[in-house]
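In: Provided below for reference: sequence and predicted model.
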Number of protein chains: 2
Amino acid sequence: MGRNLHSLIRDLQRRKARERRGLVLAEGLRLAQDAVASGVEVVALLAADDVAGGAAAALLDAARQRGIEVQLTGRRDFDLLADTETPSGVMAVVAWEPLSLDHAPVPQRDGAPALVLDAVQDPGNVGTMIRTAHALGAWLTVALDGTADVRNPKTLRAAMGSAFRHPVSVATFDEFSRYAAERRVVLYLAAMNGEPVSKAEAPSDPSALVVGSEGHGVRPEWSKLAHRRVAVPMRAGAESLNAAVACGILLYELTGAGHR
Amino acid sequence: MGRNLHSLIRDLQRRKARERRGLVLAEGLRLAQDAVASGVEVVALLAADDVAGGAAAALLDAARQRGIEVQLTGRRDFDLLADTETPSGVMAVVAWEPLSLDHAPVPQRDGAPALVLDAVQDPGNVGTMIRTAHALGAWLTVALDGTADVRNPKTLRAAMGSAFRHPVSVATFDEFSRYAAERRVVLYLAAMNGEPVSKAEAPSDPSALVVGSEGHGVRPEWSKLAHRRVAVPMRAGAESLNAAVACGILLYELTGAGHR
């Protein structure tokens, strides 16, 4: 691929290019390792030529053995291509894109609900929530319109490889609400004025937890659909939890993990 | 204070200066509002002269009425002093410092345990955890040696004003372990190999949850002290939760919030 790999990486820093090409950037040693280990298709690896250490060398060897193109480049060039402030010196180009809802897994009754992100704008929060959904056993994460790009390098770094192992979909509000109605998915909305989540019984039908942004919560259109509102009880005077922390507590409680 | 306020702010970007002066920077409209509303002593407010909007004007008025020095400055100068990438144009200098353990509140038996941060290095995570401890009703947060500076502007922004309303202490490992032993504080250590936290009964004595960094967990020296190890159960194949998310779920579960 030669210098073309540099151009490709520069191109993939743009959302449109990621969508058109079906490729994303996985930056950092650990995330690149995760991509290679997860079985997702790794198109190429770029490494700074001063990258040292057994782990990086082992990764490059493993990649070469699998027929993945590995390219070394000068540190200055690498840092210019990197998205992070202190680049570790390894970056993978990965064939990954979110699923359409048609290709999402069959809704599960057991375990955690699906997680639906309703205009969660911060890529770091979106990635952390995907990581949480994966760890707690959610059957799907859906990013609705207005949510940060799930293919954003920041999102993928915060997801720590979970996006390569856990099903992630992108959908509009209308698409998702039709999907949920057709499959009888019970909706739990995270809302400040919701009932304490510990009181909400896990339903016998498959379910989904909908979380919004810290500032605005979920969009009012949900009210048209059957749902329950749930909240993490907070001490008087405390105004809010970080969105990813609240999402983690709600998902944990709705899996019934606390009652097992 | 004139130009001296600019010098003071520049000085407070250094950890040593924050410690020596007992002052911190609260950057951003919302955090500055929180500082003024929380009752903590606000020494001065600096605002960019193009700051518009009712909320900012109201804050500056409220501050002036309380005798707080308010200074306007050019946008360029403001941005040079600011720590954030897209500065909102308001910054407060606040008289705030963590408590020594001698001045910490009496350990509480009810509600959430205290939260102990054992070498949590990321200021954003530290701030998010302080915010969580406050929201869930912990009686104290203690930052042990090796933890990011609780006075760091990034920590305070992530804490969203919780640091001004919730007791925060700084201590060495030895100081804290003596304190815990003397006051019969029951210790729960967050550990990958811990028992599922839902199985851990809330003790009748006051308690504390100790969390470490994502990479390294808590330090081995805790083994010398009586403790229980707790974990958030995860799906097979998922390797970990974000440290702040795991901390939130553990604190939530240990408050007994899920069983009320």
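Out: That came in fine, so what should we check first? Residues are numbered from 1 along each chain as shown, chains lettered A, B, ... in the order given.
In: all helices of chain A, in order?
Out: Along chain A, counting by DSSP state H, helices occupy A:3-11, A:15-21, A:29-38, A:54-65, A:75-81, A:123-136, A:153-159, A:173-182, A:243-254.
In: and the third one, does that touch chain B?
Out: What it means is helix A:29-38. No. On the criterion CB under 8 Å from any CB of the partner chain, helix A:29-38 is out of touch with chain B, staying 8.6 Å away. Glycine gets a C-beta too; all of them are placed from N, C-alpha and C.
In: B:Ala231: which of the helices of chain A is closest?
Out: helix A:123-136 (11.2 Å; CB to CB).
In: now do that closest one against helix B:243-254, angle only.
Out: Orientation note: helix A:123-136 sits at an angle of 50 degrees relative to helix B:243-254 (axes from the mean of the first three to the mean of the last three CA atoms, to 10 degrees).
In: does helix A:123-136 pack against any helices or strands, and if so which?
Out: strand A:114-117, strand A:141-144, helix A:153-159, helix A:243-254, helix B:243-254 (3 or more CB pairs under 8 Å, 6 or more residues apart in numbering or on different chains; DSSP states H and E).
In: and those: which comes nearest A:Ser213?
Out: helix A:243-254 (6.6 Å).
In: let me know the average pLDDT across that closest one.
Out: The average pLDDT for helix A:243-254 rounds to 95.
In: is it up against chain B anywhere?
Out: Yes. Using CB under 8 Å from any CB, helix A:243-254 comes into contact with chain B via A:Ala244, A:Val245, A:Ala246, A:Cys247, A:Gly248, A:Ile249, A:Tyr252, A:Glu253.
In: from those, which two are the most distant?
Out: The widest separation within those (CB to CB) is 15.2 Å, between A:Ala244 and A:Glu253.
In: thinking again about what came up before, quick one: the helices and strands packed on helix A:123-136 as JSON lines, columns for distance to A:Val232 too.
Out: JSON lines is the format used below for these (distance: least, CB to CB, whole Å):
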{"stretch": "strand A:114-117", "distance to A:Val232": "15"}
{"stretch": "strand A:141-144", "distance to A:Val232": "19"}
{"stretch": "helix A:153-159", "distance to A:Val232": "21"}
{"stretch": "helix A:243-254", "distance to A:Val232": "5"}
{"stretch": "helix B:243-254", "distance to A:Val232": "7"}
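In: how many residues are close by the closest residue to A:Ile130 other than its chain neighbours?
Out: In space, and not counting its chain neighbours, A:Ile130 is closest to A:Ala159: 4.3 Å by CB to CB, 6 or more residues apart in numbering or on different chains. A count of nearby residues for A:Ala159, using other CB atoms under 10 Å in any protein chain shown, gives 30.
In: next up, the contacts around A:Ala159.
Out: A:Val126, A:Gly127, A:Thr128, A:Ile130, A:Arg131, A:His134 (CB atoms under 8 Å, 6 or more residues apart in numbering or on different chains).
In: now that the second one has come up, it's in contact with A:Pro153, right?
Out: Okay, so that is A:Gly127. No. Using CB atoms under 8 Å, A:Gly127 makes no contact with A:Pro153, being 9.7 Å away.
In: circling back: dump the residues of helix A:243-254 next to chain B into a markdown table; add neighbour count as well.
Out: Putting the residues of helix A:243-254 next to chain B into a markdown table (neighbours: other CB atoms under 10 Å in any protein chain shown) gives the following:
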| residue | neighbour count |
| --- | --- |
| A:Ala244 | 26 |
| A:Val245 | 29 |
| A:Ala246 | 24 |
| A:Cys247 | 27 |
| A:Gly248 | 31 |
| A:Ile249 | 30 |
| A:Tyr252 | 29 |
| A:Glu253 | 27 |
